[in-house]
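Visitor: next come a sequence and a model predicted from it.
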Amino acid sequence: MLRLPPTLIAVAALALSSCATPVARSPVAGTYANPVLNADFPDPAVLKAPDGFYYAYATQTEIGGKWVNIQLARSPDLVTWQHLGDALPARPGWASKTQDFWAPHVARHGDTYYMYYSAKPDAALSDDKRGLCLAVATAGGPLGPFVDIGKPLQCGEGFVNIDPMSFDDPATGKRLLYWGSGFRPIKVQELAPDRLSFAPGSKPVDLVPIIKDDPNQYERLVEGAWVIRRGGWYYMFYSGNNCCGREANYAVLVARSRSATGPFQKLASATGAPTSATGAATSAILEKRGIWFAPGHNAIITDAAGQDWMVYHAVDVRRARTKAADAVNTRRIMLIDPIVWRDGWPRIENNGPSTERKRAPRVR
């Protein structure tokens, strides 16, 4: 996502009096109301571990005057969350002097958990044209601590190499990594069997291009891909436009394909596609609504009843920054909403974050 310098990133409202801070449980059993984590927790990625808990990982923040490189929270039900501190407490040697740790994605394979994330390398590894790098860290459990493998997976200009998401294609058995932003297309490339490098001879494939003259403005910048497979289709949820700051205008969009590596058809080109305020067809299924502004960078998780849920961040317009000195629209907190499937496409009710109390996810 389009980022701000660390000095402008919001300070979390969540004060840690210890290594774990609980968040109040929903007062009505079986229901929830947004937000589910009322603290700066950008770019959430969620998985369910064998211990029955849901784990969420998020972009860095500052808590109590100390940087948390990769945030970690845990929940038994997707509604009640406990912040557990830093999943990557030791910065990698190649990024030991910088403070840019963004948008993690964690996947479990056997007894190993793999975290893909982005970081800015130290000056010794960079030049004027080099920006953030894709990186990999591993751990023996969802709590970590995750340890970087010792070198970046790939580096490049600006913030092109951000927002990684790993996905094992059940149809081909290939291990894939999606990533991209920086006013470039979202890409995919095959990973090697060790999941710590790209497969020899593989090349990145462009999947979702930017649209400079998009009448809805969302697709002039695309990022934050999350892919699922359902009913023979591969659905890519991705975010568009600026995540934060004065020009924030984030939203979640969707495209689908019969192959994990494309080509992808955008919702905007489908029959009955929604239209935006401009009157143009749009691929957006989650836009600003009510008090919730700039929603995006989502994860998808399925509850015990088979209901799909979108987990994402948004800005509460009543508190768009933590401190007066922070840039506006930088306090991004965590929300959830159920996905409704209609005519082969996912939708979010009212095309925006829920503002009312709703039925909670089923956990057993």
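Guide: Done, it's in.

Visitor: does the most far-flung residue of the chain relative to its centre sit in a helix, a strand or a coil?
Guide: Ranked by distance from the centre of the chain (Cα atoms, centre = their mean), the top residue is Ala124, with 29.0 Å. Here Ala124 is recorded as helix under DSSP: H, G, I helix; E, B strand; the rest coil.

Visitor: let's have the chain start at 226 instead
Guide: All right, first residue 226 from here; so that's Ala349.

Visitor: what about Arg587, how many neighbours?
Guide: 13 (other Cβ atoms under 10 Å). Yep, even glycine has a C-beta here, placed from its N, CA and C like the rest.

Visitor: wait, doesn't it sit right on Thr527?
Guide: No - under the criterion of Cβ atoms under 8 Å, Arg587 makes no contact with Thr527, lying 10.0 Å away.

Visitor: can you tell me the SS state at Val304?
Guide: Val304 is classified as coil under three-state DSSP.

Visitor: distance of it from Gly577?
Guide: Here the distance between Val304 and Gly577 works out to 19 Å (Cβ to Cβ, to the nearest Å).

Visitor: still on that earlier bit, pLDDT score assigned to the residue farthest from the centre of the chain?
Guide: Ala349 is assigned 70 on the pLDDT scale.

Visitor: send me stretch 579-589 as PDB with only the CA atoms.
Guide: Presented in PDB, the C-alpha positions along stretch 579-589 are these (Å, rounded to 0.1, in the frame of the first residue of the first chain):
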ATOM      1  CA  SER A 579     -21.200  -2.900   8.800                       C
ATOM      2  CA  THR A 580     -22.200  -0.200  11.200                       C
ATOM      3  CA  GLU A 581     -24.800  -2.300  13.100                       C
ATOM      4  CA  ARG A 582     -24.500  -5.400  15.400                       C
ATOM      5  CA  LYS A 583     -24.500  -8.600  13.400                       C
ATOM      6  CA  ARG A 584     -24.400 -12.400  13.900                       C
ATOM      7  CA  ALA A 585     -20.900 -13.500  15.000                       C
ATOM      8  CA  PRO A 586     -18.800 -16.200  13.300                       C
ATOM      9  CA  ARG A 587     -19.500 -19.800  14.300                       C
ATOM     10  CA  VAL A 588     -16.500 -21.300  16.000                       C
ATOM     11  CA  ARG A 589     -17.800 -24.900  16.700                       C
END
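
Visitor: so what's the closest residue to Arg420 other than its chain neighbours bridging to?
Guide: Once flanking residues are discounted, Arg420 sits nearest to Tyr339: 5.4 Å by Cβ to Cβ, 6 or more residues apart in numbering. Listed by DSSP bridges, the beta-bridge partners for Tyr339 are Ala332, Thr363.

Visitor: is it true that Tyr339 touches Asp419?
Guide: No - using Cβ under 8 Å, Tyr339 makes no contact with Asp419, being 9.8 Å away.

Visitor: give me the more crowded residue out of these two.
Guide: Set Tyr339 next to Asp419 and count neighbours by other Cβ under 10 Å: Tyr339 wins out with 21 against 11.

Visitor: the more buried one: what's it in contact with?
Guide: Residues near Tyr339 by Cβ atoms under 8 Å, 6 or more residues apart in numbering: 331-333, 361-363, 391, 420-421.

Visitor: mind checking pLDDT for the closest residue to Gly497 other than its chain neighbours?
Guide: Once flanking residues are discounted, Gly497 sits nearest to Asp568: 6.4 Å by Cβ to Cβ, 6+ apart. Note on Asp568: pLDDT of 95.

Visitor: how much space between Asp568 and Gly366?
Guide: Asp568 is 41 Å from Gly366, by Cβ to Cβ.

Visitor: quick one: end-to-end distance for stretch 520-538.
Guide: 6 Å (Cα to Cα, to the nearest Å).

Visitor: which parts of it are buried?
Guide: Residues 520-526, 528, 533-538 are the ones in stretch 520-538 that count as buried (16 or more other Cβ atoms under 10 Å).

Visitor: shaky segments in the stretch 226-375 of the chain?
Guide: 226-252, 350-354 (pLDDT under 70).

Visitor: just give the number of residues close to Ala364.
Guide: Residues lying near Ala364 (other Cβ under 10 Å) number 18.

Visitor: sorry, that was for Lys583
Guide: 15.

Visitor: which residues touch it?
Guide: 256-258, 562-563.

Visitor: now the residues you listed: which count as buried?
Guide: 257-258, 562-563.
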